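Engineer: fold the following for me, if possible:
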Amino acid sequence: MVVSGGLALAVPAASVAEFIRNGCAPRLGVALRPVRVGSHRFGLLIMEVEPGSAAERSSLFVGDILLGTTSAAFRDAADLGEAVAAAGAGCLTLRFLRGDRARERKATVSFAETRRVAA
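Structural biologist: Purely as a prediction, here's the structure:
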């Protein structure tokens, strides 16, 4: 238990152990909205790209529609999260539409940044 500013917090030991084992979650750095592409295909419309994120460094833009990875098409929004987690801190190749053209980009997935305070 941690007490700070009169507030007591309890964190389950299993959660702490998982965090220590896995560290921070990798992230692409986008805000998305599920969309239908054509009559049958699922996509994730990029609504926002975080400055300095893996998505920005990979030249993904607002308006691009993520369709999947080189290994599988996305069936729902959770598929992107699973692909990013599987890539860890490595490289993930995304398939997407920009306008009416299909494209691929390699995104180097980064870990969630923590703020550092100078001592």
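
Engineer: helices of this structure, start to end?
Structural biologist: Ranges of helices in the chain, per DSSP state H, are 13-22, 54-57, 77-87.

Engineer: list the buried residues for the longest one?
Structural biologist: Looking back up the chat, that one is helix 77-87. Neighbour-count burial for helix 77-87 flags 79, 80, 83, 84, 87 (criterion: 16 or more other CB atoms under 10 Å). To be clear about C-beta, it is placed using only N, CA and C from the backbone, and glycine gets the same treatment.

Engineer: now tabulate these in TSV and tack on pLDDT and distance to residue 96.
Structural biologist: TSV is the format used below for the buried residues of helix 77-87 (pLDDT from 0 to 100; distance: CB to CB, whole Å):
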residue	pLDDT	distance to residue 96
79	94	13
80	92	11
83	90	13
84	87	14
87	82	16
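
Engineer: what are the ranges of the strands in the protein?
Structural biologist: Assigned by DSSP state E, the chain shows strands spanning 2-4, 7-9, 26-27, 30-37, 41-49, 65-69, 91-98, 101-108, 110-111.

Engineer: ok, now which ones touch the nearest residue to residue 53 once chain neighbours are set aside?
Structural biologist: Leaving aside its chain neighbours, residue 53 sits nearest to residue 29 (2.3 Å; criterion: CB to CB, 6 or more residues apart in numbering). Neighbouring residues of residue 29 by CB atoms under 8 Å, 6 or more residues apart in numbering: 49, 50, 52, 53, 54, 55, 56, 110.

Engineer: so which of those comes closest to residue 94?
Structural biologist: Comparing the contacts of residue 29 against residue 94 with CB to CB places residue 55 closest, at 9.0 Å.
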